[in-house]
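Undergrad: Following is a predicted model, sequence given first.
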Amino acid sequence: MDGVTYYRHGNKVRACRSQRGPKKGRQEGEEESSNRFTEVRKMWRIYRRAIGDLPIWRVMAKETGVNKSDSLFHSQNGGCFRPGVGVWAFPTFRFSVGTLDAPVITGAAREGWSVTLNWENDIDRPKAGNSDRVYVGYFYDTQPRAPQMVSCLGACRRDGRVIVDVPSAGQPDGTRLHLYLFFGNKMSSRFSPSEYVEA
């Protein structure tokens, strides 16, 4: 402290000059980086609750040789967060990553809290199986720190369309929704990158 190191020797407290000088205060860039890191860590915990047991980021971390799934999440999404705010860059946020072919959204329509998403369905191929399951992640515009997800049971890639009933969750009518459509295979061992649309 203040260039002095205090230590205990036997039962006595002793002091000597520190080898290192007094700690400098953090610079503005370091402070911002630290705050952003904290924001991403908080979001990671909430996001994991939203996706339940889907191993989206763990699968991709293994495939890309990244040590941890949370590190991959941070590297992909870190720039989408603002400290104290949550997600601010919704279109660039990745709800899902993976090696399956990403959806190509061709339309989105909304009536109340019911959203219809249409996507282009190409031929069945190794990276885009017709039986791939459909998932939709979303944020209410008023809650940029609270990701949610819907597993669209019974819907698959071949359908080219899904209707999602988003819970109103006490939100005012017409609250903007940020939606992320993605696919996963039947074994939940491969996923696609998410595609963003606003409704």
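TA: Thanks, I have it.

Undergrad: Tell me where the chain is predicted with low confidence.
TA: Residues of the chain that meet the criterion pLDDT under 70 lie in 20-29, 124.

Undergrad: tell me, what residue is most central in it?
TA: In the chain, the C-alpha nearest the mean C-alpha coordinate belongs to residue 95, at 4.6 Å (C-alpha atoms, centre = their mean).

Undergrad: all strands of this structure, in order?
TA: Assignment of strands within the chain using DSSP state E yields the ranges 4-9, 12-17, 81-82, 86-87, 105-111, 114-119, 133-140, 148-156, 161-165, 177-184, 195-198.

Undergrad: Return the most buried member of those strands.
TA: For the strands of the chain, average neighbour numbers computed from mean count of other C-beta atoms under 10 Å are highest in strand 177-184, which has a mean of 24. In short, each C-beta sits where N, CA and C put it, glycine included.

Undergrad: who does that strand touch, helix- and strand-wise?
TA: In terms of contacts (3 or more C-beta pairs under 8 Å, 6 or more residues apart in numbering; DSSP states H and E), strand 177-184 is packed against strand 105-111, strand 114-119, strand 133-140, strand 195-198.

Undergrad: hey, what's the closest residue to residue 109 other than its chain neighbours bridged with?
TA: In space, and not counting its chain neighbours, residue 109 is closest to residue 116: 4.7 Å by C-beta to C-beta, 6 or more residues apart in numbering. In this structure, residue 116 bridges to residue 109, residue 163 when assessed by DSSP bridges.

Undergrad: What are the neighbouring residues in contact with residue 116?
TA: The neighbourhood of residue 116, defined by C-beta atoms under 8 Å, 6 or more residues apart in numbering, consists of 107, 108, 109, 110, 161, 162, 163, 164.

Undergrad: tell me the contacts of the fifth one?
TA: Contacts for residue 161 (C-beta under 8 Å, 6+ apart) come out as 116, 117, 118, 119.

Undergrad: cutoff 7 Å now
TA: By C-beta atoms under 7 Å, 6 or more residues apart in numbering, the contact set of residue 161 is 116, 117, 118.

Undergrad: Residue 120 versus that one, what's the distance?
TA: Between residue 161 and residue 120 the distance is 11 Å, computed by C-beta to C-beta, to the nearest Å.

Undergrad: before we move on, the earlier item: and which of the contacts of residue 116 is nearest to residue 173?
TA: Proximity of those to residue 173, judged by C-beta to C-beta, is greatest for residue 110, which lies at 11.3 Å.

Undergrad: could you list every residue that touches the nearest residue to the closest one once chain neighbours are set aside?
TA: In space, not counting the residues next to it along the chain, residue 110 is nearest to residue 199; the distance is 4.2 Å by C-beta to C-beta, 6+ apart. If you count contacts by C-beta under 7 Å, 6+ apart, residue 199 has them with 108, 110, 115, 177, 179.

Undergrad: Residue 168: which of these is nearest?
TA: Where the contacts of residue 199 are concerned, and distances follow C-beta to C-beta, residue 168 has its nearest neighbour in residue 177, at 10.8 Å.

Undergrad: Lovely, talk soon.
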